[in-house]
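Asks: got a sequence here, can you build the structure:
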Amino acid sequence: MKRLKEIKNNELFYNGYSLTALARKYGTPLKITFLDVIKNHIVSLKASFDKAIKKNNYPAKFIYLNANKANYGALEVIEAFKHADGLETSSYYDLLFTHELFNRYPEHKYKYIVCNGYKLDDYIGEIIKIHNEGIKIIDIIDSVSEYVALKKSGLAIEVGMRIHIEAMYSEKEEEIKNDRFGLMDSEIDYILNDIKNTNLTLSTIHFHQRGFDYEEVKFEANFEKVFNKYYIKAAKLYKSVTNFNMGGGTPLPVDEGFDYDKWANYVLNLIMKLCNKEGLLYPNLMSENGKYSQKDATVNIYKVVGIKYTDKYPWHIVDGSLLIAMPEMYALGEPIEVRPINGLDQEMVKGYLAGITCDCDDVYFEKDKGYINLPKIDELYIGLMGTGSYQNSMNGKGGVHHCLLPEEKDLVINDGEVTIRSELQSIEDIYKIMKL
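Replies: Here you go, the predicted model:
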């Protein structure tokens, strides 16, 4: 995996670019998306599994699916679409968007669409429509009502079953330990017994690991539980069951020293061990990656525009909102790296960061320290690394924001070319959204 961050001339470079130089040239607040990071993450993980497949003479495939919901920026999804083996959808409108991409980029129509989420008639109807067009679409059944609707269609639609598993990654203090997704054992047994009486083709057993942090012990426990209890049973009943979909759970490259070649080899050996016990053919391995695809592709940059001395350490106020930029960190504790990007050789002082909103919660410091170290310089820039997944959806990109703060200028960098996707949001833009 290419190292994204490096220090040169006492400045932070990201993906080969001086973030300080970009901030000075284009102004702040600034959002930068590096499309080649999306490409490199996808290509790199696929290469790791290709190596493991060759090393182990594994006779099946690794299928990389981009989880669209992580980032609905058209350029970001299109870049992922080009390099992934397919797209994973989470709703009816997500599927409409995906269908449009398949129509606009017919050279990729051979790829997969895998449909997750709770499905009403509109979602199911679009799945049927796409199936009738000859596109490789797999509906992951999440409820018995969905199964009945597909059964009534009389069509040979390819389907999977999402398995409900205990949320091993839930925190002790959480009141709700299990999510609402997937089929219970009685529902799984009903479908397994009944599907032979339909035209549907069962191909996939799917589960999803909840949580931000990869923990090998929990990953393996969930993996083995679903494989042993559900995949083996389904595969012995139906030869058409050839895909094991492990959902998300790919370790995020927060620690850029993570060995993905070793991890891919570990996952395949885990499958081989489980199959060999039962004398089963090795399945295709599907992986749905949203954060892994998108998270590290985007950086936000702000300038410190003022300092206030009202607390133990000085408040460094930036020209934007930290709360708006990374809502997932505030709501769910998602790790996003916040750090100064220039003057890194200068004297460091303890401080706090604060957005320019009129909100006492729009602040940041390192919880374990109770402060953040900041260079003692006049022109200080702050970078937020890893804002490429979910932040846009959660902060309502394109809308009206807290305290009427404008959205940042938005840059896209690809193959050395810098494009301004949108300028700093103007008050006239905001008035239009407000219907003023």
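Asks: got the contact list for the closest residue to T387 other than its chain neighbours?
Replies: The spatially closest residue to T387, leaving aside those adjacent along the chain, is T298, at 4.8 Å (Cβ to Cβ, 6 or more residues apart in numbering). Heads up, the C-betas are built off the backbone N, CA and C, glycines and all. Going by Cβ atoms under 8 Å, 6 or more residues apart in numbering, T298 touches K31, I32, T33, F34, G386, T387, G388, Q391.
Asks: in a strand, that's where the third one is, yeah?
Replies: By that I understand T33. Yes - according to DSSP: H, G, I helix; E, B strand; the rest coil, T33 belongs to a strand.
Asks: just for the stretch 51-200 of the chain, where's the confidence low?
Replies: 167-178 (pLDDT under 70).
Asks: show me where it has strands.
Replies: Here the stretch 51-200 of the chain has its strands, by DSSP state E, counting those that start in this stretch, at 62-67, 86-89, 112-115, 136-141, 158-162.
Asks: before we move on, what about the stretch 251-400 of the chain?
Replies: So, for the stretch 251-400 of the chain - with DSSP E, counting those that start in this stretch - the strands run 284-289, 298-308, 315-318, 337-340, 348-354, 363-364, 372-375, 381-385.
Asks: can you add mean pLDDT and distance to K69 and give those back as a markdown table?
Replies: As requested, the strands of the stretch 251-400 of the chain are arranged in a markdown table below (pLDDT from 0 to 100; distance: least, Cβ to Cβ, whole Å):
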| stretch | mean pLDDT | distance to K69 |
| --- | --- | --- |
| strand 284-289 | 97 | 10 |
| strand 298-308 | 98 | 16 |
| strand 315-318 | 98 | 29 |
| strand 337-340 | 97 | 22 |
| strand 348-354 | 98 | 29 |
| strand 363-364 | 96 | 26 |
| strand 372-375 | 98 | 31 |
| strand 381-385 | 98 | 21 |
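Asks: quick one: those strands as CSV, columns for distance to S48 too.
Replies: Formatted as CSV, the strands of the stretch 251-400 of the chain follow (distance: least, Cβ to Cβ, whole Å):
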stretch, distance to S48
strand 284-289, 11
strand 298-308, 23
strand 315-318, 38
strand 337-340, 24
strand 348-354, 36
strand 363-364, 34
strand 372-375, 34
strand 381-385, 23
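Asks: need the contacts of T298 in TSV with distance to G306, neighbour count and pLDDT, can you?
Replies: Output for the contacts of T298, formatted as TSV (distance: Cβ to Cβ, whole Å; neighbours: other Cβ atoms under 10 Å; pLDDT from 0 to 100):
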residue	distance to G306	neighbour count	pLDDT
K31	22	25	98
I32	24	27	98
T33	28	24	98
F34	30	23	98
G386	26	26	94
T387	23	29	95
G388	28	27	94
Q391	25	26	92
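Asks: reformat those as TSV; add distance to L183.
Replies: TSV is the format used below for those (distance: Cβ to Cβ, whole Å):
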residue	distance to L183
K31	40
I32	42
T33	37
F34	39
G386	33
T387	35
G388	32
Q391	32
